[in-house]
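K.L.:
Next one to model:
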Amino acid sequence: MVGGTRSHSTTKGLLICGFAAAAVYVVGDLVLGFVYKSSRLYSFKDQWISELTARGSPVRPGMVTVITIHDLLLIAFGIGVWRAGADAQNRSLRWAGVALSAAHAFGLLIHSFFPMTSRWLEPNPSDWMHGAATAVWGIGISVAMVLAAVAIRGWFRWFSIVSLVVIVGSSALSSVAIQGMEQNDTPWAGALERVSAYGFMVWLVVLASITLRPYRAETEPSLGTAQSGPSRAG
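P.N.:
Coordinates of the predicted model:
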């Protein structure tokens, strides 16, 4: 059983990466947003998170580092979710882990290679690529959330549905503000995007808590409903 114990310890460590990923993202956004605000006018309410990594942003190197660490942690977390699904013989949960890892592996490209342009600079083709790549990433995340909702019965399923509606809805409303970019008039764009982004962080923390539960008990994972973990029937 030593091998099994080591395997479960590895899975537990990978799942803990979900908490770390959410914390890194939120702290990075807040700290670097305030740094940007102190050196140049930046509004958490009216400007997108992507403007922190934008071409011309004074905090671009720091925020790209934050996003990269966040994505790497979520790739690891996705592997942990896949392993938890394998332990529970839950196919849907395994695929949710694959979707999470794949989406964030792709996400490594977005801010590093396809940044948006700061609003006072002339736009370039990278802006279009940034929007398209972000849309693809969003589809991957939505698939992961749906698969996790299928995998885990009970209140988590409804929590995931509500979370997905809030995340997609607020992101869509935020994107409408792009029409005022040239006039530097994008009211509530940042606030709405942060509702979407932070909503996803909350969902990640809840998923990490549920999938970790059987490993905390140091028993053979037998994951049932959302109250005790993912179902074998998924």
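
K.L.:
With Ala148 as the reference, measure out to the residue lying closest to Ala103 once chain neighbours are set aside.
P.N.:
Of all residues beyond its chain neighbours, the one nearest Ala103 is Gly140 (3.1 Å), with distances taken as Cβ to Cβ, 6 or more residues apart in numbering. Glycine gets a C-beta too; all of them are placed from N, C-alpha and C. Using Cβ to Cβ, to the nearest Å, one obtains 13 Å as the distance from Gly140 to Ala148.

K.L.:
More neighbours: which of those two?
P.N.:
Set Gly140 next to Ala148 and count neighbours by other Cβ atoms under 10 Å: Ala148 wins out with 28 against 19.

K.L.:
just to revisit the earlier point, secondary structure element holding the residue nearest to Ala103?
P.N.:
Secondary structure here is read from DSSP states H and E; on that basis Gly140 sits in helix 125-151.

K.L.:
Run the chain-centre distance for the following helix or strand past that helix.
P.N.:
Using DSSP H and E, the helix or strand that follows helix 125-151 in sequence is helix 155-176. From the chain centre to the centre of helix 155-176 is a distance of 13 Å (Cα atoms, centre = their mean, to the nearest Å).

K.L.:
For Val27, the count of nearby residues, please.
P.N.:
The tally of other residues near Val27 (other Cβ under 10 Å) stands at 11.

K.L.:
okay, and for the chain, where does confidence drop off?
P.N.:
In the prediction, the chain carries residues with pLDDT under 70 at positions 1-6, 217-234.

K.L.:
Which elements pack onto the biggest helix by length in the chain?
P.N.:
The residue-count maximum for a helix in the chain (DSSP state H) belongs to helix 2-39. For helix 2-39, the contact count by 3 or more Cβ pairs under 8 Å, 6 or more residues apart in numbering; DSSP states H and E identifies helix 60-87, helix 189-216 as packing neighbours.
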